[in-house]
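>>> Next input, structure requested:
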Amino acid sequence: MNLAKVSANGQITVPIEVRKALNIKPGDKVIFFQNAAGQFTIGNASSQAIYKAQEAFSGVAEQLGVADVDAVQDLVDEVRYKR
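Numbers count the residues shown, from 1 in each chain. Modelled structure (predicted):
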């Protein structure tokens, strides 16, 4: 268990063990999730965003016929230059 003290400004220092486990670096943002029981969980906001994006885009490449890096670049060029 790790303990952190809240300052008068509402700030906390995330313990080193927690920062390592969540891969939190200086300048990163953290996100707090509340479950149905009212308990909070902390996470690395940048990794959470990546996971959510991966879930959201799951299967989209196949639907668009994007199979490799060249196909991705072709799609980017099409969107960028043919509007």
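
>>> the helices in the protein, which residues?
For the chain, helices defined by DSSP state H occupy the ranges 16-22, 45-57, 60-64, 69-81.

>>> Mean neighbour count, mean pLDDT and distance to residue 39 added to these, as a markdown table?
C-beta: built from backbone N, CA, C; applies to glycine. Formatted as a markdown table, these follow (neighbours: other Cβ atoms under 10 Å; pLDDT from 0 to 100; distance: least, Cβ to Cβ, whole Å):
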| stretch | mean neighbour count | mean pLDDT | distance to residue 39 |
| --- | --- | --- | --- |
| helix 16-22 | 13 | 94 | 16 |
| helix 45-57 | 12 | 77 | 17 |
| helix 60-64 | 10 | 79 | 34 |
| helix 69-81 | 10 | 84 | 40 |
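
>>> do you know which of those lies nearest residue 7?
Residue 7 lies closest to helix 16-22 among those, at 17.1 Å (Cβ to Cβ).

>>> Keeping just the C-alphas, turn the closest one into CSV.
What follows is helix 16-22, C-alpha atoms only, in CSV (Å, rounded to 0.1, in the frame of the first residue of the first chain):
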residue,chain,number,x,y,z
ILE,A,16,7.6,6.4,-6.9
GLU,A,17,6.3,2.8,-6.9
VAL,A,18,2.9,3.9,-8.3
ARG,A,19,4.6,6.2,-10.9
LYS,A,20,6.8,3.2,-12.1
ALA,A,21,3.8,0.8,-12.2
LEU,A,22,1.7,3.3,-14.3
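
>>> List just the one of the helices of the chain that sits closest to residue 8.
Nearest of the helices of the chain (Cβ to Cβ): helix 16-22, 21.9 Å.

>>> Tell me which other helices or strands that closest one touches.
The contact analysis (3 or more Cβ pairs under 8 Å, 6 or more residues apart in numbering; DSSP states H and E) places helix 16-22 against strand 40-44.

>>> list the buried ones in the strand it packs on?
residue 44 (16 or more other Cβ atoms under 10 Å).

>>> Just put the helices of the chain in CSV and tack on distance to residue 9.
What follows is the helices of the chain, written out as CSV (distance: least, Cβ to Cβ, whole Å):
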stretch, distance to residue 9
helix 16-22, 20
helix 45-57, 20
helix 60-64, 43
helix 69-81, 43
